[in-house]
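Enquirer: This is the structure alone, sequence omitted:
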């Protein structure tokens with residue numbers, strides 16, 4: 001498999017992919033200091049009844065932090081590290097909001113943070129480190 005195919009976006013991302021019928025279809029918008037999206041986790045992505053699987057929560061936070069960096073002009077980044085703090089369950093079938101911001105960015109890495117809220121209550125928070133994709137790899141679909 002070539003390096004180029006690893007970074008190709010075909011619209012099937014679980015979190016933001018428009019082509020993924022089973023995905024969340026989040027659309028991130030640029031904010032003053034990062035990115036924001038609203039969405040609903042469908043019941044088929046639950047862990048326990050009525051509660052989103054923790055991996056889905058982590059994926060939403062990770063994607064939001066990616067967009068916070070990408071919307072600052074660094075679209076070619078990959079997650080190096082993510083730390084999630086779960087504060088309460090994220091209900092399925094209810095609207096949530098995720099906000100992320102880039103705390104520090106350089107040519108070598110970016111530090112980020114994100115939070116998911118339901119009706120204003122914090123559900124989960126994350127911090128992450130993102131690294132640039134090597135410049136000799138073409139990112140397709142962006």
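Expert: Ah, there it is. Given the structure is predicted, the values throughout are model-derived calculations rather than measurements. Numbers count the residues shown, from 1 in each chain.
Enquirer: Find the centremost residue of this structure, please.
Expert: Closest to where the C-alpha atoms of the chain average out (Cα atoms, centre = their mean) is residue 63, at 1.1 Å.
Enquirer: can you tell me which helix or strand that residue belongs to?
Expert: helix 54-70 (DSSP states H and E).
Enquirer: follow-up on the earlier one: so who does the residue nearest to the centre of the chain touch?
Expert: 13, 15, 16, 26, 28 (Cβ atoms under 8 Å, 6 or more residues apart in numbering). Using the backbone N, CA and C atoms, a C-beta is placed for each residue, glycine as well.
Enquirer: Tell me which residues touch the second one, please.
Expert: Think residue 15. Residue 15 makes contact with 23, 24, 26, 59, 60, 62, 63, according to Cβ under 8 Å, 6+ apart.
Enquirer: top of these by neighbour count?
Expert: Highest neighbour count within the contacts of residue 15: residue 60, with 28 neighbours (other Cβ atoms under 10 Å).
Enquirer: Just the pLDDT for that one.
Expert: Residue 60 carries a pLDDT value of 98.
Enquirer: what bridges to residue 105?
Expert: Applying DSSP bridges to residue 105 gives these bridge partners: residue 110.
Enquirer: residue ranges of the strands in the protein, please?
Expert: 29-30, 34-40, 77-86, 95-105, 110-118, 121-132 (DSSP state E).
Enquirer: Verify the stated contact: residue 44 with residue 23.
Expert: No. When contacts are counted by Cβ atoms under 8 Å, residue 44 is not listed as touching residue 23 (10.6 Å).
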